[in-house]
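> Pasted the sequence and its predicted model underneath.
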Amino acid sequence: MTTSELCRVERREGGAVWVTLSRPEAKNALSRALNLELARVAGELGGDPDVRAVLLTGAGDAFSAGADLKERKGVPAAESGPFIDAISGAIRAWAEMPKATIALLNGAAFGGGLELALACDFRIAADTAVMGLSEVRLGIMPGAGGTQRLARLVGVARAKELVLTGRRIDAARALSLGLVSRVVPPGELARAGQELADEIAGCAPLSVAMAKRAIDEGVDLPMADALALERRCYDVTLVSEDRNEGLRAFAEKRPPRFTGK
C-alpha cells in the first residue's frame, strides 16, 4: 500500500488501516486529485486479505469541507463532468468496499465530506464536530449519494429537513438523529475508532463482508428477495474454513484464528 501527500495510509496491528485526508490547509476539501486517490486506496484496501477494518479521518481540525469549489471556479457546467465523476466515483468506491469502514469525524464535515462519511459503515464524531449537506445554499444539491444515503439512514422526513434547508447540525443533534453512532471528546476519538476496529477484526473477515453485502444490497429489496440474498451470502460462509475454525474454537474454549478463507 502506497501513501501519497493527499491521502496518508497507515497499517496498524490487528488488521486495521488508518486513512487520513491530508489537505489541512484546504480543510481537506475533496479536489479531483484527492478523489482519484481515495478511489485508488479503496480499491487496494478492498482487495487486501490482511485488512480487517478501515478508519477514515481528516488531518487538522476538519474531516472534510466538501468538494473543492475553488478548483471548480470558472469551470463551465458543461466541462464539470470529470470533477463530478471523480467525487462520485470516490464515494461509491468507499461505499462498495467489502471491508468494515469507520468515519471518524474530527471536525467539520460538509457537502461531499459528509457524503463520504455517509458511505462508510460507521460514523463516530468528536463532540466539537459540525456537519451538514448545505449544497442548496450554493444553488446546487447533494449529488454524490447524500440524498439517498441520508434518507436511508435517518428517514425521509429528517433527511428533507436537513437537505432542503442546507442546515448545519452539531454532533449531539447528529447522534439524536442516528446520523452518527457515537460522540466522544476530541481526545478520545482515535481510541474509540480503534476499539471498534479491533472488535470487528476479531470476527471472521468473510462473514463480515457477506453480512455487510446482505444488509447493503437487501435493504431496498422486497422481503422475499432480501431473504434469498441473505441465504446466498450465508451459504458462502457455511462452506468456509473460518466457519470450521469458529466451531473448533468454540468447542475448545479459545479465541478463533480466522484467516478470511
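Nice, I can see it.

> Now F110. Its backbone dihedrals?
phi -120, psi 150 (degrees, to the nearest 10).

> any idea how far the residue nearest to it when sequence neighbours are not counted is from A26?
Excluding its sequence neighbours, the residue lying closest to F110 (Cβ to Cβ, 6 or more residues apart in numbering) is G66, at 4.5 Å. For every residue, glycine as well, the C-beta is placed using N, CA and C. Distance, G66 to A26, by Cβ to Cβ, to the nearest Å: 11 Å.

> which of the two has more neighbours?
G66 (28 against 17; other Cβ atoms under 10 Å).

> wouldn't that one be in contact with I91 here?
No. G66 is not in contact with I91 according to Cβ atoms under 8 Å; the separation is 11.4 Å.

> ranges for the helices of the stretch 151-261 of the chain?
Ranges of helices in the stretch 151-261 of the chain, per DSSP state H, counting those that start in this stretch, are 156-163, 171-177, 189-201, 205-218, 223-238, 241-252.

> for the first one, the distance to its chain's centre please.
Right, helix 156-163. Offset of helix 156-163 from its chain centre (Cα atoms, centre = their mean, to the nearest Å): 20 Å.

> Equivalent analysis for the second one, please.
Mean C-alpha position of helix 171-177 versus that of the full chain (Cα atoms, centre = their mean) differs by 18 Å.

> buried residues in that helix?
Residues of helix 171-177 classed as buried: 171, 174-175, 177 (neighbour count, 16 or more other Cβ atoms under 10 Å).

> any residues touching that helix, and which ones?
105, 123, 125-131, 154, 158, 169, 180-183 (Cβ atoms under 8 Å, 6 or more residues apart in numbering).

> Now do N28 against S4, distance only.
Counting by Cβ to Cβ, the gap from N28 to S4 is 14 Å.

> what does the helix or strand bottoming out on mean pLDDT in the chain rub up against?
Within the chain, no helix or strand scores below helix 69-72, which has a mean of 78 by mean pLDDT, DSSP states H and E. Counting by Cβ under 8 Å, 6+ apart, helix 69-72 makes contact with 26, 29, 31-32, 80, 83, 138, all of which sit outside it.

> Please list only the buried members of the residues you listed.
Buried among the contacts of helix 69-72 (16+ other Cβ under 10 Å): 26, 29, 31-32, 83.

> Quick check: of the residues you listed, which lies closest to L162?
A29 (20.6 Å; Cβ to Cβ).

> ok so, going back, for the least confident helix or strand of the chain, list every residue counted as buried.
Quick answer for helix 69-72 (16+ other Cβ under 10 Å): E71.

> roughly how far apart are A119 and T101?
For A119 relative to T101 (Cβ to Cβ), the value is 8 Å.

> Please compare those two by neighbour count and tell me which comes out ahead.
With neighbours defined as other Cβ under 10 Å, A119 and T101 compare such that T101 has more, 26 against 23.

> any idea how far the closest residue to that one other than its chain neighbours lies from I87?
Closest residue to T101 apart from its sequence neighbours, by Cβ to Cβ, 6+ apart: C120 at 4.1 Å. For C120, the distance to I87 equals 15 Å [Cβ to Cβ].

> Then A126?
Taken as Cβ to Cβ, the span from A126 to I87 is 24 Å.

> Same check on P222?
Counting by Cβ to Cβ, the gap from P222 to I87 is 32 Å.

> Between the two, which is the more surrounded one?
Using other Cβ under 10 Å as the criterion, P222 and I87 rank with I87 on top: 27 against 9.

> what's the next secondary structure element after the helix or strand containing that one?
Per DSSP states H and E: I87 is located in helix 81-95. Downstream of helix 81-95, the first helix or strand assigned by DSSP H and E is strand 100-105.

> List the buried residues in that next one.
Buried, per 16+ other Cβ under 10 Å, within strand 100-105: 100-105.

> again with stretch 254-261
256, 258, 260.

> Likewise for stretch 226-244?
226, 229-230, 233, 237, 240, 242-243.
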